[in-house]
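Visitor: build me a model from this:
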Amino acid sequence: MPSWDPDLYERYKAYRDRPALDLLVQIPGDLEPKEVWDLGCGTGEQAALLARRHPKAVVHGLDSSPDMLAAARKREEAVDWVEASIADWTPAVAPDLIFTNAALQWLPDHAGLYPRLMAQLAPGGVFACQTPTPYETRHHEILRETAEGGPWAGKLEDARLIHPTPTQDQYYGWLAPLSAWVDIWTTTYLHVLEGDDPVVEWMRGTGLRPYLDALTDATEREAFLEAFRARIAAAFPPQAGGETLFPFQRLFIVAQRS
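Guide: Below is the predicted model of the structure:
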């Protein structure tokens, strides 16, 4: 997994929060969970919201980044913060709600991962998941082209952690046998970004992290960034008013365990 910078990740907080809130409102209103897990909780904002929404529940926030969890632990809400990998996660008590926002796209083998997470739920429990669909986007295509087209190519082979997104039919097929119902949809958000190189700055908080981690030489890292900036600038030119339009699609799944 890549390293994480909480301050950099939070730079576009309003845009990153909205999909999480859109997912939260789709969790059934009559669900009264006793055990809640936020997988890939980051700085803990959604785990804190879940703790306020379900004050009688035990809420856990899991993340593999100690820096993200250090920020999360500054929150006042009663949340059990856990440093661990989603790939290795097995709860001691079956959860009534698994919430995961913008985390599972980093993990491989969704055909095995998603049913495994669904199977961890207590009967009647809810799985609520939001992931970007980055592989198919133009900005990730440019990232792969830049990584493959320079002297750094060999060093970046293992940095390509994002894989093609499975189809909605596939996700349904994996989850339906374990579910009373499954709801799947996508939303494309048109982000209006300000400043210089805003798409690159957005990606420095997420998709660029493993590539920059792999380039330990500062000069080579900056040369890679400059090549990437030039390609992104051509693909995402600013509007007449200076803002940059950045379409961003996300996949949502809410399912209830049978």
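
Visitor: and the helix or strand containing Ala14, what does it pack against?
Guide: Taking DSSP states H and E as the definition, Ala14 sits inside helix 13-24. For helix 13-24, the packing partners by 3 or more Cβ pairs under 8 Å, 6 or more residues apart in numbering; DSSP states H and E come out as helix 45-53, strand 97-101, strand 126-132, strand 179-193, strand 244-257. C-beta here means a position set from N, CA and C on the backbone, and glycine is covered the same way.

Visitor: can you tell me how far the residue nearest the centre of the chain sits from Gln170?
Guide: When the chain is reduced to its mean C-alpha position, the nearest residue by Cα atoms, centre = their mean turns out to be Ala102, at 1.7 Å. To Gln170, Ala102 is 20 Å away according to Cβ to Cβ, to the nearest Å.

Visitor: so for the helix holding Ala14, mean pLDDT?
Guide: With pLDDT averaged residue by residue, helix 13-24 scores 89.

Visitor: direction included, what does the next helix or strand after it pair against?
Guide: As assigned by DSSP H and E, the chain's next helix or strand after helix 13-24 is strand 35-39. Strand 35-39 sits in its sheet next to strand 58-63 (parallel), strand 97-101 (parallel), going by DSSP bridges.

Visitor: now the angle from the helix holding Ala14 to strand 179-193?
Guide: 160 degrees (axes from the mean of the first three to the mean of the last three Cα atoms, to 10 degrees).

Visitor: which parts of helix 13-24 are buried?
Guide: Going by neighbour count (16 or more other Cβ atoms under 10 Å), the buried part of helix 13-24 is Arg16, Pro19, Ala20, Asp22, Leu23, Leu24.

Visitor: for the residues you listed, which one is nearest Thr131?
Guide: Pro19 (9.3 Å; Cβ to Cβ).

Visitor: residue ranges with poor pLDDT in the stretch 51-200 of the chain?
Guide: Residue ranges of the stretch 51-200 of the chain with pLDDT under 70: none are present.

Visitor: residue boundaries of the helices in it?
Guide: Secondary structure of the stretch 51-200 of the chain (DSSP state H, counting those that start in this stretch): helices at 66-72, 110-120, 138-148, 168-175, 198-204.

Visitor: residues contacting the last one, please?
Guide: By that I understand helix 198-204. 8, 11-12, 139, 143, 191, 193, 195, 208, 212, 225, 228-229, 232, 236, 244, 246 (Cβ atoms under 8 Å, 6 or more residues apart in numbering).

Visitor: list only those of these flagged as buried.
Guide: Among those, the ones that count as buried by 16+ other Cβ under 10 Å are 12, 139, 143, 191, 193, 208, 212, 225, 228-229, 232, 236, 244, 246.

Visitor: export these to TSV and tack on distance to Ala48?
Guide: Listed next are the buried ones among the contacts of helix 198-204 as TSV, based on distance: Cβ to Cβ, whole Å:
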residue	distance to Ala48
Tyr12	19
His139	30
Leu143	32
His191	24
Leu193	26
Leu208	27
Leu212	29
Leu225	34
Phe228	34
Arg229	35
Ile232	34
Phe236	33
Thr244	31
Phe246	27
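
Visitor: skip the chain neighbours and tell me the closest residue to Pro115.
Guide: Trp174 (5.2 Å; Cβ to Cβ, 6 or more residues apart in numbering).
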